[in-house]
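S.K.: quick one, structure for this:
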Amino acid sequence: MSEGTAVDACEAAIRAWILSGEVSPGERLPPERRLAERLGVNRTTLRGALGRLASARLLTVRQGSGYVVQDYRRVAGLELLPEVAALAEARGDGIRPIVRDLLEVRRRLATMALERFAAQPDPAAADRVEAAVDRFAELMRGEPEDEEIVEADLDVIGVFLETTGSAVLGLCLNPVSFVVQALAPLREAIYADPDTNVAAYRLLVLWMRHPSRDAIGPVAAELEKRDARTLERVEGA
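M.R.: Here you go, the predicted structure:
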């Protein structure tokens, strides 16, 4: 095993302890020597893993006290959700609460993006979004790999976010979109009916050509219905 791979494995093991609650927030990790023996790695590898976890804010270093576990729910970001979901499934808890909340966050951010575009409309921007939708539709007519679907879908979302002129919305919605794609059961549920995805994007383009605040409510309601169907697919998987 290469040094880089060993560090990855060591980091993953300690991170799993933190996310599963095997080690609690505020708890100090064992001394390096004992921790390295438990994980079957040398101290150089261990320090590399601990440094990464400290950079991710899952651990803090206190002089004379070693590494102390942080509460990931207060300090970490969405990038941990795939692992949190995997641990929930392993415990038999299911991922429904995670999926439900994630879809709602995405829906609310999408509604904010619509409101921003309606406040500063640029109907010509619909052409750029439509081009991205056309690429997505063409891809879905074949037998694309998951990575290709994800890339094309995120391209549509990214182009639309650019039209809002809001860097904040993009930086908030991007990680949500990435996590949605990273959760395999959710990704499969979202793309179970490709025609529905394409039709939804066609409606977005149509709205962009004639943006109206009055239409945002009905659009949001349709998004909620679609998310409800996605959640049903996840539960039935």
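S.K.: per-residue pLDDT, the residue nearest the centre of the chain?
M.R.: Closest residue to the average C-alpha location of the chain: Val179 at 1.5 Å, with C-alpha atoms, centre = their mean. Listed pLDDT for Val179 reads 88.
S.K.: send the alpha carbons of the strand or helix carrying it over as CSV?
M.R.: Using DSSP states H and E, Val179 maps to helix 167-182. Below are the C-alpha coordinates for helix 167-182, written out as CSV (Å, rounded to 0.1, in the frame of the first residue of the first chain):
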residue,chain,number,x,y,z
ALA,A,167,-22.2,34.2,-6.6
VAL,A,168,-23.7,33.5,-3.2
LEU,A,169,-26.5,31.4,-4.6
GLY,A,170,-24.1,29.4,-6.8
LEU,A,171,-21.7,28.7,-3.9
CYS,A,172,-24.7,27.6,-1.7
LEU,A,173,-26.5,25.5,-4.4
ASN,A,174,-23.3,23.9,-5.9
PRO,A,175,-22.4,21.8,-2.8
VAL,A,176,-26.0,20.7,-2.4
SER,A,177,-26.1,19.6,-6.0
PHE,A,178,-22.8,17.7,-5.7
VAL,A,179,-24.1,15.8,-2.6
VAL,A,180,-27.3,14.9,-4.3
GLN,A,181,-25.3,13.4,-7.1
ALA,A,182,-23.0,11.6,-4.7
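S.K.: list the buried residues in it.
M.R.: By neighbour count on 16 or more other C-beta atoms under 10 Å, the buried set for helix 167-182 is Leu169, Gly170, Cys172, Leu173, Asn174, Val176, Ser177, Val179, Val180, Gln181, Ala182. Heads up, the C-betas are built off the backbone N, CA and C, glycines and all.
S.K.: now do the contacts for the residue nearest to the centre of the chain.
M.R.: Neighbouring residues of Val179 by C-beta atoms under 8 Å, 6 or more residues apart in numbering: Leu78, Glu79, Leu81, Pro82, Leu102.
S.K.: next: Leu154.
M.R.: By C-beta under 8 Å, 6+ apart, the contact list for Leu154 reads Ser177, Phe178, Gln181.
S.K.: ok, now with 7 Å
M.R.: When contacts are counted by C-beta atoms under 7 Å, 6 or more residues apart in numbering, Leu154 touches Ser177.
S.K.: now stretch 20-36: mean pLDDT?
M.R.: Stretch 20-36 carries an average pLDDT of 94.
S.K.: pLDDT below threshold where in the chain?
M.R.: 1-4, 237 (pLDDT under 70).
S.K.: quick one, what contacts the residue of it positioned farthest from its centre?
M.R.: Most distant from the centre of the chain: Gly64, at 36.5 Å, with distances by C-alpha atoms, centre = their mean. Residues in contact with Gly64 (C-beta under 7 Å, 6+ apart): none are found.
S.K.: can you classify it by secondary structure?
M.R.: Three-state assignment for Gly64 (DSSP: H, G, I helix; E, B strand; the rest coil): coil.
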